[in-house]
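K.L.:
Fold the following.
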Amino acid sequence: MKNGTKSISHMAISMAAGTLLCMTVCASALAQDLGIKAPPQSRPIAITKATIHPISGPAIENGHVLFDKGKIVSVGAGDGVLPLGTLVIEAKGKHVYPGLFGAYSQMGLSEIGSIRATEDHRETGDVTPEVRAAVAVNPDSTLIPVTRANGILLEGVFPTGGLIPGRVSVMQMEGWTYEDMTIDADAGLVVGFPPTHQGQNIFGRADESGQKRLDEAFENLEELFKRSRAYREARAEDGKLPVDARLEGVLGVLPEAGEKQNPVYLMANEMEQIEAGVRWAVERKLRPIIVGGRDAHLVTGLLKAHDVPVIIVATHKFPKRNDSPYNESYTQPALLEAAGIRWAIASGEETPHERNLPYHAAQAVAHGLDHDAAVRGVTLSPAEILGVADRVGSLEVGKDATLIVTDGDPLEVRTKTEMAYIEGKTLDLSNKQSALYKKYLEKYRQLGLIKR
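P.N.:
Here you go, the predicted model:
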């Protein structure tokens, strides 16, 4: 009987494990976009008679954008001079903008929060500078077509967790593989900058164990950069030394590392944390960018003095302090703009809701931010801060033809993105949500509740 019970128990465990495996595999399979990727641009395309919003300059009424082989060839008033064989799209009453740009997200790394197999935004270990986010991006994520249907065609994809989770990659939301999607695989190193002090425990006393962990984090951070500098010098003297992938991952942000010095993205929100992070980076001749920046408007003097940009992660959030105004987060972009700080807005929402990015900018407009500055904050500004403005972020000759055609202001929730292009590729804007809309619309038509 004992053996029989043991056998039944093992059988139940095996069945449960099998069921869990099936659920995981099925969920992973269902979380795949089955759409066909767009082919390369085959002939010139001109969008005419629309209002063109270059972002880098004033809007152009009754203008045109001409692009060929994935690049913008002409932007200006009127219909322009069009090559033979150009596909002309008359868009009277429509608006043309560069594709919206999410400055901070886990797009392609995160799918279903409750299914661990679809979450790939954090590596094992607290210090993994060798990690590049691009390599883990899933080009078949169902969240990509849903997001780009709202005009968001570019993302800064950040690994998360730990002291140094890895390096940022700038991705475009179309491609068969992650290589097709990658604009810049290594756009800088993420540093989860430790807070300057540990709070109190549940008894109201200083949390000594927590402070010890903070001290260890600072020591580990300093040791990594010290070793990376020594490694660079040793490799310069002897090129036959073995390659250390972890230390190699830090070299790109060090001064005198080459023609391009990548930034360090300091994940910091508290005022003291931001101040300490900026001073730490400046003393080591690094290029800091603040990500999060809840208290950034309180230290504008320091940020301005060292030209430190801020990626504001969400405006739709409550103030932290009891004596703060209710709209502190809503007004922060306007405060940074007035102080002359370079900034961009990220949604900060869970990846399935990244499509709400433009409405975070709209909230700032409702609380004092200039409208054009808000649109820039989700187009050209993130491109500049993440170092890819030579390719995307505005409608200029020579840049990628990554743009959207809308029936109104992209910050307005009622506006529809009617057409979208990435490197001149014509995107199919259908997605899981639009398919479900059509499905249930037909249901109510069959019931006679909606006229055909």
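K.L.:
Quick one: residues contacting P325.
P.N.:
Each residue near P325 by C-beta atoms under 8 Å, 6 or more residues apart in numbering is listed here: P319, T331. Quick note: C-beta positions are derived from backbone N, CA and C, even for glycine.
K.L.:
Got the confidence number for it?
P.N.:
Confidence at P325, expressed as pLDDT, is 91.
K.L.:
So it versus G368, what's the distance?
P.N.:
12 Å (C-beta to C-beta, to the nearest Å).
K.L.:
Pull the distance from the helix or strand harbouring P382 to the chain's centre.
P.N.:
Using DSSP states H and E, P382 maps to helix 380-385. Remark: helix 380-385 is offset 11 Å from the chain centroid, using C-alpha atoms, centre = their mean, to the nearest Å.
K.L.:
rewinding a little: who touches both of P325 and G368?
P.N.:
Counting by C-beta under 8 Å, 6+ apart, the shared contacts of P325 and G368 are T331.
K.L.:
In CSV, list the C-alpha atoms belonging to stretch 89-103.
P.N.:
Provided in CSV are the C-alpha atoms of stretch 89-103 (Å, rounded to 0.1, in the frame of the first residue of the first chain):
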residue,chain,number,x,y,z
ILE,A,89,-0.2,58.7,-51.9
GLU,A,90,-2.4,61.8,-51.7
ALA,A,91,-3.0,62.4,-48.0
LYS,A,92,-5.0,65.5,-47.9
GLY,A,93,-6.1,66.4,-44.4
LYS,A,94,-3.6,63.9,-42.9
HIS,A,95,-0.4,64.4,-40.9
VAL,A,96,3.0,62.9,-41.4
TYR,A,97,5.3,62.5,-38.3
PRO,A,98,8.5,60.6,-37.7
GLY,A,99,7.8,57.3,-35.9
LEU,A,100,7.3,57.7,-32.2
PHE,A,101,10.2,56.6,-30.0
GLY,A,102,9.9,54.8,-26.6
ALA,A,103,13.1,55.9,-24.8
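K.L.:
Show the low-confidence segments of the stretch 1-150 of the chain, by residue range.
P.N.:
1-31, 113-117 (pLDDT under 70).
K.L.:
Which stretches in it count as helices?
P.N.:
2-30, 133-136, 143-148 (DSSP state H, counting those that start in this stretch).
K.L.:
Check the stretch 351-452 of the chain too.
P.N.:
357-366, 371-376, 380-385, 432-446.
K.L.:
mean confidence for the last one?
P.N.:
The average pLDDT within helix 432-446 is 92.
K.L.:
residues of that helix that come out buried?
P.N.:
Residues of helix 432-446 classed as buried by neighbour count (16 or more other C-beta atoms under 10 Å): K432.
K.L.:
List the contacts of it.
P.N.:
Residues from elsewhere that reach helix 432-446, judged by C-beta under 8 Å, 6+ apart: D33, T142, P145, V146, A149, I450, K451, R452.
K.L.:
which of these are buried?
P.N.:
D33, T142, P145, V146, A149.
K.L.:
hang on, the second one packs against G108?
P.N.:
No. No contact is recorded between T142 and G108 when judged using C-beta atoms under 8 Å, the distance being 10.8 Å.
K.L.:
Mutual contacts of these two, please.
P.N.:
Common contact partners of T142 and G108 (C-beta under 8 Å, 6+ apart): none.
K.L.:
Checking V291 next. Helix, strand or coil?
P.N.:
Of the three states, V291 takes strand according to DSSP: H, G, I helix; E, B strand; the rest coil.
K.L.:
who's in contact with it?
P.N.:
So V291 contacts Y104, F158, V190, Y265, L266, M267, A268, V310, I311, V313 (C-beta under 8 Å, 6+ apart).
K.L.:
can you tell me how far T415 sits from G102?
P.N.:
In terms of C-beta to C-beta, T415 sits 17 Å off from G102.
K.L.:
For V310, grab the count of nearby residues.
P.N.:
Neighbour count for V310, taken as other C-beta atoms under 10 Å: 27.
K.L.:
show me the contacts for it.
P.N.:
Per C-beta under 8 Å, 6+ apart, neighbours of V310: I289, I290, V291, G293, A296, L303, L336, I341, R342, W343, A344.
K.L.:
Show me what it is bridged to.
P.N.:
I290, W343 (DSSP bridges).
K.L.:
Now A366. Nearest residue, chain neighbours left out?
P.N.:
Y330 (7.1 Å; C-beta to C-beta, 6 or more residues apart in numbering).
K.L.:
To clarify, my last question referred to T177.
P.N.:
P139 (5.9 Å).
K.L.:
next one: A401
P.N.:
Nearest non-adjacent residue to A401 (C-beta to C-beta, 6+ apart): F67, at 3.5 Å.
K.L.:
My read is that the one you found contacts K425, right?
P.N.:
No. The criterion here is C-beta under 8 Å, and F67 misses it with K425 at 10.6 Å.
K.L.:
which residues do these two both contact?
P.N.:
Contact criterion C-beta under 8 Å, 6+ apart; residues shared by F67 and K425: Q41.
K.L.:
which stretches of the stretch 151-300 of the chain form strands?
P.N.:
152-157, 166-167, 169-172, 182-184, 189-191, 264-268, 288-292 (DSSP state E, counting those that start in this stretch).
K.L.:
which of those strands sits most buried?
P.N.:
Greatest average neighbour count among these goes to strand 152-157 (a mean of 30), per mean count of other C-beta atoms under 10 Å.
K.L.:
That one to strand 264-268, inter-axis angle?
P.N.:
Here the directions of strand 152-157 and strand 264-268 differ by 90 degrees (axes from the mean of the first three to the mean of the last three C-alpha atoms, to 10 degrees).
K.L.:
returning to that earlier point: for the helix holding P382, what is the average pLDDT?
P.N.:
On average, helix 380-385 scores 98.
K.L.:
elements contacting it?
P.N.:
Judged by 3 or more C-beta pairs under 8 Å, 6 or more residues apart in numbering; DSSP states H and E, helix 380-385 is in contact with strand 100-105, strand 152-157, strand 343-346.
K.L.:
okay, the ones you listed in CSV with distance to L163 next?
P.N.:
Converted to CSV, the helices and strands packed on helix 380-385 look like this (distance: least, C-beta to C-beta, whole Å):
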stretch, distance to L163
strand 100-105, 18
strand 152-157, 19
strand 343-346, 21
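K.L.:
right, so of those, which gets closest to S74?
P.N.:
When the helices and strands packed on helix 380-385 are compared by C-beta to C-beta, strand 152-157 sits nearest S74, at 20.6 Å.
K.L.:
Could you pull up the mean pLDDT of that closest one?
P.N.:
Here the average pLDDT along strand 152-157 is 98.
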